[in-house]
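A.B. asks: could you work out the structure for the sequence below:
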Amino acid sequence: MFLGELEEVLEATQEPEFQRCMVPFSRQIARCLNSSHFQVAERSLFLWNNDHVRNLITLNRKMILPIIFPALERNLRGHWNQAVQGLTLNVRKLFLDADQELFEECSLRFQESEAKEKEKRAKRELTWERLEDIAASKAISKEAVLVSQKFSFLGIPSSTSPRMAAGT
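C.D. replies: Sure, this is the predicted structure:
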């Protein structure tokens, strides 16, 4: 319902008015694109079927594509609905055809962001493993364990790891 009303409003919107709201519009559309409810994702992708809306978006693609590109990529990689994946491919192609250089720039930024996020996840998992190892070693000695936030910034030698001592 929201997306249908939004499309009607955009239909009557001229470019200067659209430019004033395009950033929050793009953020909201990105959230809708990634909705697990397929009808929400599908309806947000159908906005590109409207010539006027598509023209507004295409004219302002330099601001809009960097905002919605990650949502489009996440849809391709992991949306459960095949129709949503197909529509996402169509929208990606529209952006690629409109400005290949911008599209590739957004793709590169997305890949860099994904790599950084993967690295942060790995560090977080390592920190939790270290915490679990310390807690396990303290539990064996029946010593109380207090874990502070400051702990995650400390380097813990691997020799204190019960896993390392056990050879696992």
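
A.B. asks: pop the domain breakdown of this structure in here.
C.D. replies: Here the domain parsing of the chain from automatic domain parsing is 2-98, 120-168.

A.B. asks: for those domains, which one ends up most surrounded?
C.D. replies: domain 2-98 (a mean of 16; mean count of other CB atoms under 10 Å). C-beta: built from backbone N, CA, C; applies to glycine.

A.B. asks: how much space between Val53 and Leu6?
C.D. replies: 9 Å (CB to CB, to the nearest Å).

A.B. asks: swap in Pro70?
C.D. replies: In terms of CB to CB, Pro70 sits 21 Å off from Leu6.

A.B. asks: so which residue is dead centre in this protein?
C.D. replies: Pro70 (5.3 Å; CA atoms, centre = their mean).

A.B. asks: skipping its backbone neighbours, what lies nearest it in space?
C.D. replies: Leaving aside its chain neighbours, Pro70 sits nearest to Phe110 (5.6 Å; criterion: CB to CB, 6 or more residues apart in numbering).

A.B. asks: which secondary structure elements does whatever helix or strand that neighbour lives in sit against?
C.D. replies: Following DSSP states H and E, the helix or strand that holds Phe110 is helix 100-140. Applying 3 or more CB pairs under 8 Å, 6 or more residues apart in numbering; DSSP states H and E, one finds that helix 100-140 contacts helix 61-78, helix 82-98, helix 162-166.
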